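Chemist: prediction below, plus the sequence it came from.
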Amino acid sequence: MKNSTEIAFGEKIRSDYLFSSDFYEIKNWAFDFSGEHKLTKGYNDCFCIVLVRNGSFHIDLASRSFNMHTGHIIVEKADYEYQMRPTTGECSIFNFTTAFYEQMLADCNLQKSFYFSNSNILSLLLNSSPEIDYLHHQIMSDASTVGKLEMDTLVLSLVQQITGCISNNVLEVELPHLLRKNHIGTIERARDYMNKRFMEDISLRELATHCYVSPFHFSRIFKRFTSYSPHQYLLNVRLKHAEMLLRNTDMAVSDICFTSGFNSHDHFAAIFRQKFSQSPSQMRKK
């Protein structure tokens with residue numbers, strides 16, 4: 001995504017390119033148009049994926065309006081203009097080459113999917129998942145330190161996870177305005193805390209205290225925002241971490257179990273089989 005006002009409104013936008021590869025680039029995009037009284041126009045020239053990290057993100061595209069906050073993803077096709085309403089936020093943008101986009105459609109058999117086959121649908125709004133949040137957090141944390149091959153693996157995993165979520169059940173229902181306004185920061189803090197400390201034995205009270213709300217209230221609003229209970233979210237982050245280690249390292253399965261935050265090998269094996277329909281050892285052999 002490129003914004004036509006990056007020069008004219010330079011003080012309003014911070015655009016940092018964090019990583020470039022042969023087929024994509026990763027950009028951190030922070031903006032503050034809260035004081036503007038007019039729409040800000042932009043132009044998207046490539047297939048891209050946008051993940052909202054902080055604040056809100058309001059876009060008008062053709063006849064549709066998207067009101068996004070943390071936990072939302074927008075998948076965007078190339079070559080169209082959009083308008084941003086007065087808003088403030090921060091997001092991660094993954095821009096992909098045309099060659100990669102065409103290859104992705106073929107390799108993942110997406111040509112006939114309702115979104116990619118319909119030229120009238122330019123953007124798609126999705127809910128994130130614990131697995132997507134985990135990969136996103138790893139990418140943004142490691143962008144300045146990892147090698148190209150490792151980053152390429154993480155980005156491809158992220159793309160596969162997101163395209164796997166694309167179905168006819170796209171996000172349509174918005175959260176109530178006051179709930180979104182009052183608790184976006186709460187959910188941002190909770191997701192960040194769990195993605196950084198998933199290997200620890202985190203309690204509900206610990207999470208709620210970190211987010212400055214009561215445990216009962218935290219549990220209710222977290223599920224309202226993410227569609228997962230805090231325990232389900234943490235469990236899926238741990239399982240995604242274990243899956244990545246099994247696929248990409250030679251670490252022993254027992255070490256992966258404890259490194260991922262499980263305190264019992266039997267429990268880890270049972271939960272892993274329930275999630276992936278195979279044991280950790282079977283996945284390692286494949």
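Modeler: Right, received. Where do you want to start?
Chemist: only C-alpha atoms for contact and neighbour calcs from this point on.
Modeler: Fine.
Chemist: helix or strand for Leu246, which one?
Modeler: If you go by DSSP states H and E, Leu246 is part of helix 230-248.
Chemist: give the next helix or strand downstream of that helix.
Modeler: helix 253-259.
Chemist: who touches that next one?
Modeler: Taking C-alpha atoms under 8 Å, 6 or more residues apart in numbering as the criterion, the residues outside helix 253-259 that touch it are Met199, Ala242, Leu245, Leu246, Asn263, Ser264, His265, Phe268, Pro280, Ser281.
Chemist: isn't the first one right up against Ser260?
Modeler: The reference is to Met199. Yes. Between Met199 and Ser260 there is a contact at 5.2 Å, judged by C-alpha atoms under 8 Å.
Chemist: overlap in contacts of the two?
Modeler: Shared contacts of Met199 and Ser260, defined by C-alpha under 8 Å, 6+ apart, are found at Arg238.
Chemist: follow-up on the earlier one: the contacts of helix 253-259 in helices, which ones?
Modeler: Using DSSP state H to define helices, the subset of the contacts of helix 253-259 located there is Ala242, Leu245, Leu246, His265, Phe268, Pro280, Ser281.
Chemist: for the stretch 151-286 of the chain, give me the ranges with low pLDDT.
Modeler: Residues of the stretch 151-286 of the chain that meet the criterion pLDDT under 70 lie in 167-181.
Chemist: now do 50
Modeler: 168-173 (pLDDT under 50).
Chemist: ok so, going back, list only buried entries from the ones in helices among the contacts of helix 253-259.
Modeler: When the ones in helices among the contacts of helix 253-259 are checked for burial by 16 or more other C-alpha atoms under 10 Å, the buried set is Ala242, Leu245, Leu246, Phe268, Pro280.
Chemist: format those as JSON lines; extra columns: distance to Tyr228.
Modeler: Formatted as JSON lines, the entries for those read as follows, by distance: C-alpha to C-alpha, whole Å:
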{"residue": "Ala242", "distance to Tyr228": "19"}
{"residue": "Leu245", "distance to Tyr228": "24"}
{"residue": "Leu246", "distance to Tyr228": "25"}
{"residue": "Phe268", "distance to Tyr228": "20"}
{"residue": "Pro280", "distance to Tyr228": "24"}
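Chemist: from the contacts of helix 253-259, which is closest to Arg85?
Modeler: Set against Arg85, the nearest of these by C-alpha to C-alpha is Met199 (39.4 Å).
Chemist: each with direction, which strands does the longest strand along the chain pair with?
Modeler: Using DSSP state E to assign secondary structure, the strand with the most residues in the chain is strand 48-61. According to DSSP bridges, strand 48-61 forms sheet pairs with strand 64-69 (antiparallel), strand 72-76 (antiparallel), strand 80-84 (antiparallel), strand 88-96 (antiparallel).
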